[in-house]
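>>> Predicted structure and sequence below. I'll ask about it afterward.
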Protein chains: 2
Amino acid sequence: MASGEGQGGERPVVDFRTEPARYRHWKLSVDGPIATLAMDVSEDGGLAPGYELKLNSYDLGVDIELADAIQRLRFEHPEVRAVILTSGKERVFCAGANIRMLGQSSHGWKVNFCKFTNETRNGIEDATEHSRQAYLAVVNGPCAGGGYELALAADRIVMADDGNTSVALPEVPLLAVLPGTGGLTRLVDKRHVRRDRADFFCTLEEGIRGKRAVEWGLVDEVVPRSRLEETARQRAEELAARSDRPADARGVALTPIERTIEGDVVRYRHVECRIDRARSRAEIVVRGPEASPPADAATAQAQGAAYWPLAMGRELDDCILHLRTNEEQLGLWVLRTEGAADLVDAHDRLLAAGSDHWFLREVALFLKRTLKRLDVTSRSIFALVEPGSCFTGTLLELLLASDRSYMLAGARDGDDRPAATLRLTTMNFGPYPMPNGLTRLASRFLDEPGRVDDLKGRIGQDLDAAAAEAAGLVTFAPDDIDWDDEVRIALEERAAFSADALTGMEASLRFGGPETLETKIFGRLTAWQNWIFQRPNAVGPKGALQRYGTGQRGEFDRRRV
Amino acid sequence: MASGEGQGGERPVVDFRTEPARYRHWKLSVDGPIATLAMDVSEDGGLAPGYELKLNSYDLGVDIELADAIQRLRFEHPEVRAVILTSGKERVFCAGANIRMLGQSSHGWKVNFCKFTNETRNGIEDATEHSRQAYLAVVNGPCAGGGYELALAADRIVMADDGNTSVALPEVPLLAVLPGTGGLTRLVDKRHVRRDRADFFCTLEEGIRGKRAVEWGLVDEVVPRSRLEETARQRAEELAARSDRPADARGVALTPIERTIEGDVVRYRHVECRIDRARSRAEIVVRGPEASPPADAATAQAQGAAYWPLAMGRELDDCILHLRTNEEQLGLWVLRTEGAADLVDAHDRLLAAGSDHWFLREVALFLKRTLKRLDVTSRSIFALVEPGSCFTGTLLELLLASDRSYMLAGARDGDDRPAATLRLTTMNFGPYPMPNGLTRLASRFLDEPGRVDDLKGRIGQDLDAAAAEAAGLVTFAPDDIDWDDEVRIALEERAAFSADALTGMEASLRFGGPETLETKIFGRLTAWQNWIFQRPNAVGPKGALQRYGTGQRGEFDRRRV
């Protein structure tokens, strides 16, 4: 991992692919409808040298395993209806993100680390609400900072009532940074802790334990240590009883994602990414299915990880994470698709019709989360629609998630493929909401909600460039004469702007309309944290984050900004 | 004005008090129901040396006059129902915030400048919506950056259709910063410009003019230059026709606010602020009225600027602005009140009963805006409730706006005044919403909306510390034995934390619940802008903001964060 703002290039390539047999930090066990996910971080298992993961503190590597475990529980364990999230250590629940790791990380690393951990915690809430696999945090020892933020992502929090166990958000007093992994937002917006109590709590190094933690709404219940296990089991059973997950379905194994990186080409089966370093951009092609969809949900489940929507989604997800973390110089992602509209359309019809089947529901939820990753990615995203493309239904969401799109009007001179078209399916009208809770179409037409209804009437139609432009689906539709220059200039210009200004602009323009817990975390909270991650009071040589563990307190510039 | 992060102390004290006779940059004229506010910035009239205010660009001094003009139009001109906001120059509407001024300003100055200009633009929208004095922007020349952001605050925008006039937000391509004075937010959330079009528009140095500006929703109407004046008049008359403002009422002159600054004491008639530099805090006392309220709205109007709620509000407003801009080292504001609960209660009853009288409506709106300034102030705010205090109704909002409150339970040893109490009035239940659109009570009890209803039943009761604590109105209620130590430690601890971490924490905890245009501007947009204002791509020696006007483009670190 790079240690300073100026040192790039030397950090190891981070691989987000893992599996339980390779976990170093988590123990996953399943007992009928109840699973237990126990955090037991290996001190010497950090992603990079320079820090020890003491007291169940975590780095990106720990969170990659957690994210993997959460996915597998959803797909591989349809029978699991409640998950107990707890610590596998005797004397501590979790001390939060590792401070030395943060102290030695570059600004970009810190920000990207927080984004991924936020997505993982949102995934816990998504599992609880939509997969009906509810999370219960069982706090069996001190639970501080990112540790409490992890617990906050659970549906319920049960805490041991002993002299040792408390919840705390000591970031402000100890480190001069924020509880930025959703902590501040979930405190007031999820748990509705009164703002003045939240203010007090967030300035308290030692945290709050026992009855007061319940009275203030910081946890749901405290029980004597001797009854903790029994109570956890009971609460988990209560949560499980509310679930609609099938007891007797067979899980779908998430087999390893096959990927090759050769030079500047990252290749998967359905996704390919070509890197153009000179132009600071990644050109990503997503391919439609090669065959018709399976006949029904059961057959789809039998295809397992090879089922096209799931296979494509997992590859795209991995590609997004890989580029975000390992290719920070590529400020512009150009999205293209290839394939047959009819096949995507047919696949979408099965997905839409099968939303009451646990597996198809999981696949759609997975695609939703992957598309949300695009929404919060700090890269410019342009979609290019050309002959041979396949922006249909689920794949059309890629275009709708883009900052801008160009569609070639008519055929290309010397190319005998027909002109490109777009096609809407029912999957564009509900299953893939953005973090703001609206579909991408609704977000697009904030001014004219009636337009979304009109478009519903055009599901299944092939819209050529003129129709797509008139319908407001694409930004520009140049013809063959103008295409090359117009697109080239747009891409070159984009790559020339300030990376930071674009990040702030995109984060503002992408989220019109309502704000939710998620958008508040990625907008308000993350933006403030990123600002603080730049301030000398935190990261300067005398800042609290740098001085942590040296026995010296931070020295602060007292001026308020 | 300080020129760099390290140089404080030398900036001039900024005075927010002004009046039309002293305006250097604006021309205000009134013609029956329609006023015209014409921007005609004096190039050599900058607040600080080092820049010329060319092309109707502005600095804080220009905006102080604008804010003053907007207030006076509301109070001194009840007959004005529509305001034409235009340029007094021949060839330009407004070029936005002055870039050289920004380039030479410290981080703190930039951020504070943006906060005030945002409040001024929100005030334009508040006048349109609540004072029924609607703003019409008449764009009669190039309108860029902050110039277009000013126009965006108007209810309608009419633009000249000529080769010279366009609207533009060129901050990203030209300066590597954001259109942070509401521009990005109003584009998608007020005008509902489609996000991909907004993306394109915000990367276009030259902006958009003519028919396309209308089609994209950037302006409401374009007309040939020759018909601009006539159309403006017509549209203003249409807006005026919708207003309920009285045609024949007499305005209330906003006489000068009397203030003395002696050493570390800032004194007004109803507000006093003692500065404790060693402890980095400002101790503010707000005094209740000395006499019963006038008998009715007409008598209140006759009292004019001396009417207590208005006089107190204007003084508090000036005190807030003074401390924010001129005393950035004071990170903690301690709020106290003094006076008789019965008198505030009686004043509140008149205010509440007279909300259909234009003057009383204006007074309540003024108090609302002043209280909102507290909500977005980047200082820790603690309220202390002691014997002799008067946290009743309107003054109780000061406590509810605080991050935390302490109320002394019982009398004080050796003090023969009775124990402190709090009292709710109807003014706590509607007229003073926070930027998030909720009352401070509703924001406080997000989890238990029923509590707000219960409290309505207790209007007029004197609540002692035990009752106030049980009702959830105060954070802590120590008795005389614990008070001194508990409060002293809380104040000292607060002053010792990182100023920046507190700013981010408070900005997150204060705004639970829904987000609005206003909270999005102060939260998401401002936080991103503040982050960018720290990034070398903007403010470093090779950054775009520093290089602007040198003929050299900024040099950028291409890494995305």
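That came through, no problem.
>>> okay, CA-based contacts and neighbour counts for the rest of this
OK.
>>> Please save the CA atoms from stretch A:428-448 in PDB.
Presented in PDB, the C-alpha positions along stretch A:428-448 are these (Å, rounded to 0.1, in the frame of the first residue of the first chain):
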ATOM      1  CA  ASN A 428     -35.700  -0.600 -16.000                       C
ATOM      2  CA  PHE A 429     -38.800   0.300 -14.000                       C
ATOM      3  CA  GLY A 430     -38.200  -0.900 -10.500                       C
ATOM      4  CA  PRO A 431     -35.800  -3.700  -9.600                       C
ATOM      5  CA  TYR A 432     -32.600  -1.600  -9.800                       C
ATOM      6  CA  PRO A 433     -33.100   1.600  -7.700                       C
ATOM      7  CA  MET A 434     -30.200   3.900  -7.200                       C
ATOM      8  CA  PRO A 435     -29.000   4.800  -3.700                       C
ATOM      9  CA  ASN A 436     -31.500   7.600  -3.600                       C
ATOM     10  CA  GLY A 437     -34.300   5.100  -3.900                       C
ATOM     11  CA  LEU A 438     -35.500   6.100  -7.400                       C
ATOM     12  CA  THR A 439     -35.000   4.100 -10.500                       C
ATOM     13  CA  ARG A 440     -32.400   5.600 -12.900                       C
ATOM     14  CA  LEU A 441     -35.300   6.600 -15.200                       C
ATOM     15  CA  ALA A 442     -37.100   8.400 -12.400                       C
ATOM     16  CA  SER A 443     -33.900  10.200 -11.400                       C
ATOM     17  CA  ARG A 444     -33.400  11.200 -15.000                       C
ATOM     18  CA  PHE A 445     -36.800  12.700 -15.500                       C
ATOM     19  CA  LEU A 446     -37.300  14.500 -12.100                       C
ATOM     20  CA  ASP A 447     -39.100  17.300 -13.900                       C
ATOM     21  CA  GLU A 448     -41.400  15.100 -15.900                       C
END
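>>> helix, strand or coil for the residue of the stretch 301-450 of chain A found nearest chain B?
Of all residues in the stretch 301-450 of chain A, the one sitting closest to chain B is residue A:329 (4.4 Å; CA to the nearest CA). Secondary structure state of residue A:329, per DSSP: H, G, I helix; E, B strand; the rest coil, is coil.
>>> residues contacting it?
By CA atoms under 8 Å, 6 or more residues apart in numbering or on different chains, the residues touching residue A:329 are A:277, A:280, B:558-560.
>>> quick one: terminal-to-terminal distance for stretch A:493-513?
One end of stretch A:493-513 to the other measures 28 Å (CA to CA, to the nearest Å).
>>> and it, average pLDDT?
Mean pLDDT, stretch A:493-513: 95.
>>> List the buried residues in it.
By neighbour count with 16 or more other CA atoms under 10 Å in any protein chain shown, stretch A:493-513 contains the buried residues A:494-513.
>>> From the contact counts, what lies against the strand or helix carrying residue A:302?
Taking DSSP states H and E as the criterion, residue A:302 maps to helix A:297-303. Applying 3 or more CA pairs under 8 Å, 6 or more residues apart in numbering or on different chains; DSSP states H and E, one finds that helix A:297-303 contacts helix A:358-375.
>>> quick one: the helix it packs on near chain B?
No: Helix A:358-375 does not reach chain B (CA under 8 Å from any CA of the partner chain); its nearest approach is 12.5 Å.
>>> helices or strands next to that helix in the packing?
helix A:60-76, helix A:297-303, helix A:308-326, helix A:341-353.
>>> Now do the contacts for the spatially closest residue to residue A:358 that is not a sequence neighbour.
Once flanking residues are discounted, residue A:358 sits nearest to residue A:245: 6.8 Å by CA to CA, 6 or more residues apart in numbering or on different chains. Residue A:245 makes contacts with A:78-81, A:131-133, A:358, as judged by CA under 8 Å, 6+ apart.
>>> Tell me how far residue A:245 lies from residue A:133.
Using CA to CA, we find residue A:245 at a distance of 8 Å from residue A:133.
>>> Export only the CA atoms of the helix holding residue A:302, formatted as CSV.
Provided in CSV are the C-alpha atoms of helix A:297-303 (Å, rounded to 0.1, in the frame of the first residue of the first chain):
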residue,chain,number,x,y,z
ALA,A,297,-36.3,-20.4,-12.2
ALA,A,298,-35.4,-23.9,-11.2
THR,A,299,-33.3,-24.3,-14.4
ALA,A,300,-31.7,-21.0,-13.8
GLN,A,301,-30.8,-22.1,-10.3
ALA,A,302,-29.3,-25.3,-11.7
GLN,A,303,-27.1,-23.2,-14.0
